[in-house]
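Peer 1: one predicted model, sequence on top.
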Amino acid sequence: MAQPTPTRVGIAGVTGKFAGLILDSLLEDPRVSIRGYCRNASKLASRYTQSSQIEIIEGSADDKAALAKFVEGLDVVICAYLGDHDLMINGQKALVDACDQAKVDRYVASDYSFDYTQLKMGDHPAKDPMKIIYSYLKEKDHVKGVHVVVGAFMETFWSTYFQVWNADEKTLVYWGSGEEKFESTTYGDSAKYTAAVALDRNAVGLQKFLGDRKNIVEIGQAIEKAYGFQPKLKCLGSLDELYTHMQGLFKKDPSNVFAWLSFFYQYYCINGQTHISNDLDNARYPDVKPQTFQDFLNTHALEELPTAMVDLAKRD
């Protein structure tokens, strides 16, 4: 006998841009009731605060009483936290503990990245919290962990932060041979898959989704097809040279995160270690039609690419 679709979904960190995209997907089903958790509900758009499907609980990440009130009676909790190590580790542990005590069935961890489970602790410092929470959930008596991996967000790929697309020079800057694949999924499609997973009681453990997988040459060809010009390709060195470069920046000043973080992401996006296996879960949710690199470029003006990630936060 098929299990009923869960209708009581919690979203922690509900005021974030990714959480908003998940909300939009969940609200398409009128049977779903949603409880959001945040520090300041005034940051939410009126279409959410006025929705009869949404209830908001305010509280901090370490407020045990507020967390207990938030998770009470829920079928699944989606964590959409984004912050420092304290929030991503201790904040999530407090939320996981509350879910376990309240016998919430599943906890969707704040992952939404490449397959960090293939990393060792310390390989990519920004992913250590994910590994810690992945292990922490395995220790719980009741709540089961759900971990959504999607590669790199496609909007982030084109941002100045990621340092691959140079909009001024119309150049793709890369490390390696040029044959290494980038795995990527848009924020919107990642949110749709996360919502679908939340409503699927059978979805536990690692959930693997991808919009596209292409190397830098293929991405250049997609640009030419979308915009009518061939971008320049600029190689900065081998993968070994990238590794040496990023480690040097990290050891020089670990606290200066923005000096080294994008290089760590680039390295682990293309060295194959964190690539998502080919047995993807896309087909389990056929209603989601993920965008490829070509689709994304076809639906964005050239000048919109560097700000696509920032523009997500400007939605009404």
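Peer 2: Great, that's in hand. Residues are numbered from 1 along each chain as shown.
Peer 1: chain center to stretch 69-83, what's the gap?
Peer 2: When C-alpha coordinates are averaged (CA atoms, centre = their mean, to the nearest Å), stretch 69-83 and its chain have centres 16 Å apart.
Peer 1: and the contacts of that stretch?
Peer 2: Contact partners of stretch 69-83, identified using CB atoms under 8 Å, 6 or more residues apart in numbering, comprise 6-14, 16, 18-19, 22, 35, 37, 57, 59, 61, 87-88, 91-92, 95, 98-99, 102, 104-110, 146, 194, 198, 201. In this view, the C-beta of every residue, glycine as well, is placed from N, C-alpha and C.
Peer 1: next: stretch 218-227.
Peer 2: Counting by CB under 8 Å, 6+ apart, the neighbours of stretch 218-227 from elsewhere in the structure are 172, 182, 214, 229-231, 233, 292-294, 297-298, 302.
Peer 1: give the buried subset of those residues as a ChimeraX selection command.
Peer 2: Below is the selection syntax for ChimeraX that covers the buried ones among the contacts of stretch 218-227, with 16 or more other CB atoms under 10 Å defining burial:
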select :172,182,214,231,292,293,294,297
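Peer 1: next, the contact list for the residue lying closest to A65 once chain neighbours are set aside, please.
Peer 2: The spatial neighbour of A65 that comes closest, neighbours along the chain excluded (CB to CB, 6 or more residues apart in numbering), is G59 at 7.7 Å. G59 sits next to Y37, R39, A65, A66, L67, K69, F70 when contact means CB under 8 Å, 6+ apart.
Peer 1: closest one of the contacts of stretch 218-227 to P129?
Peer 2: The nearest member of those to P129, counting by CB to CB, is F182 at 23.3 Å.
Peer 1: dump the residue contacts of the closest residue to A196 other than its chain neighbours.
Peer 2: Once its chain neighbours are removed from consideration, A196 has its nearest residue in Y285; the separation is 4.1 Å (CB to CB, 6+ apart). In this structure, Y285 makes contact with K192, Y193, A196, V197, D200, judged by CB under 8 Å, 6+ apart.
Peer 1: against V148, how distant is Y285?
Peer 2: Between Y285 and V148 the distance is 12 Å, computed by CB to CB, to the nearest Å.
Peer 1: could you do Y107 as well?
Peer 2: Using CB to CB, Y107 is found at 12 Å from V148.
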